[in-house]
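Enquirer: no FASTA, just this:
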């Protein structure tokens with residue numbers, strides 16, 4: 001399904017990102033697995049996945065809070081390959097709190113990681129894709145960016161912004177053979193879920209028709225589909241993976 005494709009996946013250390021790395025590798029993709037800083041355990045984990053599936057997995061480190069760091073990270077990837085087929089903008093940070101209890105510095109930090117850095121990544125990577133006249137970008141939005149809920153002014157707004165950017169860039173880049181879509185997960189069993197209050201977790205589980213949280217692998221399956229040629233006629237869509245919320 002992805003044999004020989006070169007893919008960049010951010011936030012690859014744990015959760016949805018890590019599940020996506022393994023699923024892409026299982027389907028024959030070579031992966032640049034991005035994380036914020038060096039970690040021996042992460043290096044070993046990526047090496048094991050690489051050996052297991054017989055593909056190349058290269059850890060790359062850059063801090064999404066620094067545009068210079070992001071630029072250097074992508075430059076190092078481009079120095080290794082002139083062909084980038086897929087970008088998965090998965091990395092993100094959570095933040096919960098009502099407006100009056102949310103410092104502006106927190107909103108700036110959330111937007112820097114969840115929106116500005118991802119737009120910058122798309123700008124840098126799409127230049128390579130445009131030269132090659134093909135490519136696929138999959139962004140991670142969230143149901144928090146689609147459904148209005150109190151307490152999500154920072155996180156929800158950043159995810160709404162990436163959903164809007166997805167639709168806009170799908171129009172701008174289509175002429176170059178580049179598709180841009182987004183996935184909007186609900187409550188997924190990750191570290192981000194663990195950081196939520198139990199009441200908030202229970203509310204989302206009770207609000208879902210399937211009455212459970214999702215698994216990272218279930219989100220990764222949709223990311224794989226959108227990244228592959230199997231979804232060649234899908235563009236500019238925000239697809240929910242939420243167990244039937246609403």
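Expert: Perfect, thanks for sending it. Since we're looking at a predicted model, the values are computed, not measured.
Enquirer: tell me, how many neighbours does residue 75 end up with?
Expert: Using other C-beta atoms under 10 Å, residue 75 is surrounded by 11 other residues. Every residue, glycine included, has its C-beta placed from N, CA and C.
Enquirer: Could you confirm it falls within a helix?
Expert: Yes - counting by DSSP: H, G, I helix; E, B strand; the rest coil, residue 75 is part of a helix.
Enquirer: roughly how far apart are the nearest residue to residue 188 once chain neighbours are set aside and residue 177?
Expert: Closest residue in space to residue 188, ignoring its immediate chain neighbours: residue 214 at 4.5 Å, by C-beta to C-beta, 6 or more residues apart in numbering. According to C-beta to C-beta, to the nearest Å, residue 214 and residue 177 sit 32 Å apart.
Enquirer: So between the two, which is more surrounded?
Expert: More crowded of residue 214 and residue 177, by other C-beta under 10 Å: residue 214, with 20 against 13.
Enquirer: Isn't the more buried one up against residue 190?
Expert: No - using C-beta atoms under 8 Å, residue 214 makes no contact with residue 190, being 9.3 Å away.
Enquirer: Do a quick rundown of the strands in this structure.
Expert: 6-9, 30-35, 57-61, 86-89, 135-140, 178-185, 238-241 (DSSP state E).
Enquirer: what angle sits between the fifth one and strand 178-185?
Expert: Strand 135-140 and strand 178-185 are oriented at 20 degrees to each other (axes from the mean of the first three to the mean of the last three C-alpha atoms, to 10 degrees).
Enquirer: Parallel or antiparallel, which strands does strand 135-140 pair with?
Expert: If you go by DSSP bridges, strand 135-140 pairs up with strand 86-89 (parallel), strand 178-185 (parallel).
Enquirer: Put together JSON lines for the ones you listed, with distance to residue 172 on each row.
Expert: JSON lines is the format used below for the strands paired with strand 135-140 (distance: least, C-beta to C-beta, whole Å):
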{"stretch": "strand 86-89", "distance to residue 172": "15"}
{"stretch": "strand 178-185", "distance to residue 172": "9"}
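Enquirer: if I look at the residue in the chain sticking out farthest from the centre, how far off is residue 151?
Expert: Residue distances from the centre of the chain (C-alpha atoms, centre = their mean) peak at residue 100, which lies 29.1 Å from the mean C-alpha position. Counting by C-beta to C-beta, the gap from residue 100 to residue 151 is 11 Å.
Enquirer: joint contacts of these two?
Expert: Contact criterion C-beta atoms under 8 Å, 6 or more residues apart in numbering; residues shared by residue 100 and residue 151: none found.
Enquirer: Not counting residues beside it along the chain, what's closest to residue 119?
Expert: Residue 119 sits nearest to residue 165 (C-beta to C-beta, 6+ apart), 5.9 Å away.
Enquirer: in the protein, which residue is closest to the centre?
Expert: Centroid check for the chain by C-alpha atoms, centre = their mean gives residue 90 as the closest residue, at 1.6 Å.
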